[in-house]
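Trainee: Sequence first, predicted model second:
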Amino acid sequence: MIPNQWYVVLDSTQVKTKPVGVTRMREKLVFWRDAAGKVACARDRCAHRGVALSKGKILPNGMLQCPFHGFEYDASGKVTKIPANGKNTPVPERFKVHSYPTHEAHGFIWIWWGENPPDDLRPPLFFDDLDDAFSYGQVRDPWDAHYSRVIENQLDVVHLPFVHYNSIGRGNRVLVDGPIVKWVDDKRFCHFVYNRVDDGTPPRRPDEMPEPDPERDYHLCFIYPNLWQNYISDKVRVMAAFVPVDDTHTLLYLRFYQRFMRVPVLRGLINWLAGYFNLYVAHQDRRVVVTQEPKPSALKMDEKLIQGDRPIIEYRRRRQELIAAAEAQSPPPPQR
């Protein structure tokens, strides 16, 4: 994983009135809402005797109470009360667990995965064009694969006519012109897809192709570290969050966005049906991606890539740069 980044880790609806324990970023974490409804996140292990805090309860004041001996934790991970010591006894500073900054927007919960977040920590990036005019349906899908492999599958334009021969890859468009990659900034890029039927002519290089038009040309966009959007049309999008669980498991949050149907009942039905079609397509991918070795991808590894793999190469290059930059600033979060 890339340290010092905002990662989508949960859907907002998953954190309600009780603590929620999940594994993310190789760590067992607990999420809860404080008295103001803001999401808090900390390591799911009591500083006292190592019990899972997610088995505890949320008190009316928003504190998280350990189920074993009643220690109370605030959103910063600090113990604010040890019942056995009396309510007026100060709690030593060493009684705390590591916590992570959180952000909630667009129906997602992010955590800042890193050490010593900056004082001017900015909110995470999202797709600005997915505004309130869109409605969406969502499915969650577990993959037995490293999150980098799941991301790269969605950046892969070469596999479409083979893995998805009977769905989104129909038409036998096996030859890949380009693809063209355009960087928005150092955290975002889009790639434009120009697959066609093989007529005997060689694939065109990106520099042999006209400048892409985002309003006309089919393209996909990625935001580091784990967000992706398929720009199908002005009114239809598919969006995904690739949530790292550990080195061999990823949870895929897959959304279908649309703004062509506004009748509530039909809108919900379309979003639901489209969500399950997307799940069918994702399972075509999953069947092959889970077999890839080694599990994580890397910029330098024993794979012989081709011109059509350019979006994957660009993803790996920038991912490695972000990892190196983070490690130069501070050590990565301890692995527990």
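Mentor: Alright, I've got the coordinates.
Trainee: and Asp185, what are its bridge partners?
Mentor: Beta-bridge partners recorded for Asp185 (DSSP bridges): Arg188.
Trainee: Neighbours of it, how many?
Mentor: A count of nearby residues for Asp185, using other C-beta atoms under 10 Å, gives 8. C-beta coordinates here come from the backbone N, C-alpha and C atoms, glycine included.
Trainee: Skip the chain neighbours and tell me the closest residue to His191.
Mentor: Pro311 (4.2 Å; C-beta to C-beta, 6 or more residues apart in numbering).
Trainee: what's the answer for Leu175, then?
Mentor: Counting by C-beta to C-beta, 6+ apart, the residue nearest Leu175 is Asp198, at 4.3 Å.
Trainee: mind checking which helix or strand that neighbour is in?
Mentor: Of the helices and strands defined by DSSP states H and E, none includes Asp198.
Trainee: likewise the one 4 residues further on?
Mentor: Following DSSP H and E, there is no helix or strand that holds Pro202.
Trainee: Now do it against Tyr194, distance only.
Mentor: From Pro202 across to Tyr194, the span is 13 Å (C-beta to C-beta, to the nearest Å).
Trainee: Name the residue in these two with the higher neighbour count.
Mentor: Using other C-beta under 10 Å as the criterion, Pro202 and Tyr194 rank with Tyr194 on top: 20 against 10.
Trainee: Identify the bridge partners of the more buried one.
Mentor: Asp177.
Trainee: which residues touch it?
Mentor: By C-beta atoms under 8 Å, 6 or more residues apart in numbering, the contact list for Tyr194 reads 176-180, 204, 209, 217.
Trainee: Please tell me the pLDDT value assigned to it.
Mentor: With respect to pLDDT, Tyr194 has a value of 94.
Trainee: and if you look at Arg237?
Mentor: Listed pLDDT for Arg237 reads 95.
Trainee: Please identify the helix or strand for it.
Mentor: Using DSSP H and E, Arg237 maps to strand 236-246.
Trainee: His191 and Ile223, how far apart?
Mentor: 13 Å.
Trainee: I'd like to know which elements the strand or helix carrying the residue nearest to His191 is packed against.
Mentor: Applying DSSP H and E as the criterion places Pro311 in helix 310-329. With contacts taken as 3 or more C-beta pairs under 8 Å, 6 or more residues apart in numbering; DSSP states H and E, helix 310-329 sits against helix 147-155, strand 175-185, strand 188-196.
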